[in-house]
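S.K.: Got a predicted model here, sequence first, then my questions.
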Amino acid sequence: MIKINKHISILNSEIEISAIRAQGAGGQHVNKVSTAIHLRFDINNSSLPLSYKEKLLKLSDQRITDDGIIIIKSQLSRSQEKNKDDAIQKLINLITKAVKPTKKRRPTKPTFGSKTKRLDSKTKRSKLKSSRGKVNDE
């Protein structure tokens, strides 16, 4: 059982973990040992509360497919066990990130000093550019 927070946990049977060969450099070891981990988690068929499911499905993350399946790949370590722990941690982080309430943006106004500074720099720039014009010899 994997704990997401105090009240919510996921059953191990809901997570499908498979070992695959890792990509990239690694010498002879990488060619014969499947150390990378592919974790699949079906959001719709999980025991998560409905509000969690809705927020996860709304989340725009490339790891979530259109069918509502989270696919996480972990190949940071040469150890299969460490990669498995890393993939599970990534899943927990993704779920907690989706459920975390977003702060409401408070609209702010620019300060008087920042307005005057901006306008002064605009007039300075304008004078500089207008002085670059043709010179009249009269």
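M.R.: Now that the structure is in, tell me what you want to look at. No experiment lies behind these values; they were computed from the predicted model shown.

S.K.: If you count contacts, what does the host helix or strand of residue 19 end up packed against?
M.R.: Under the criterion of DSSP states H and E, residue 19 resides in strand 15-20. Judged by 3 or more C-beta pairs under 8 Å, 6 or more residues apart in numbering; DSSP states H and E, strand 15-20 is in contact with strand 36-42, helix 80-99. Yep, even glycine has a C-beta here, placed from its N, CA and C like the rest.

S.K.: dump the residue contacts of the closest residue to residue 51 other than its chain neighbours.
M.R.: Sequence neighbours aside, residue 99 is the residue nearest to residue 51 in space, at 7.8 Å (criterion: C-beta to C-beta, 6 or more residues apart in numbering). Residues in contact with residue 99 (C-beta atoms under 8 Å, 6 or more residues apart in numbering) are 51, 52, 55.

S.K.: what's the spacing between the second one and residue 69?
M.R.: As for residue 52, its distance to residue 69 is 15 Å (criterion: C-beta to C-beta, to the nearest Å).

S.K.: More neighbours: these two, which one.
M.R.: residue 52 (18 against 15; other C-beta atoms under 10 Å).

S.K.: Good, wrapping up.
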